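Q: with the sequence up front, the predicted model follows.
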Amino acid sequence: MKLKPLSDHIIVEPIKEEEKTKGGIFLPQTSDKERPDQGIVIEVGPGKMTSSGKLIEMEVKKGDKIVFNKYGHQEIKVEEKEYLVLKQDDVLAVIE
């Protein structure tokens, strides 16, 4: 299944960092950990329309690694894979 976001929405695959101890033991993700705030852009919508009918193009593109607001996005699951849907306004930076 392919997701096609509308307007200024972005589909993001979150990057979940595993925590590793100095001895090399990986600690499992738990619910009290912070939410992810980085991800890879999977798809972007065409952009947002202004009230005058002008299209404001997207500043991010497919494949960008981004930092986004930890709250305010929608979590979805498609074919056993988790994604986030957020608006371009929720993107704080592109990691280069």
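A: Great, that's in hand. Numbers count the residues shown, from 1 in each chain.

Q: pLDDT value on the residue lying farthest from the centre of the chain, please?
A: In the chain, counting by Cα atoms, centre = their mean, Gly23 sits farthest out from the average C-alpha position, at 31.4 Å. Looking at Gly23, its pLDDT stands at 73.

Q: ditto for Asp37
A: 87.

Q: can you give me phi and psi for Ile15?
A: Main-chain torsions, Ile15, degrees, to the nearest 10: phi -100, psi 110.

Q: would you confirm that it contacts Gln38?
A: Yes - the criterion here is Cβ atoms under 8 Å, and Ile15 meets it with Gln38 at 4.7 Å. Placement of C-beta: from N, CA and C, glycine included.

Q: where's the residue nearest the centre of the chain relative to Gly24, distance?
A: Residue closest to the average C-alpha location in the chain (Cα atoms, centre = their mean): Val12, at 3.1 Å. Per Cβ to Cβ, to the nearest Å, Val12 is found 30 Å from Gly24.
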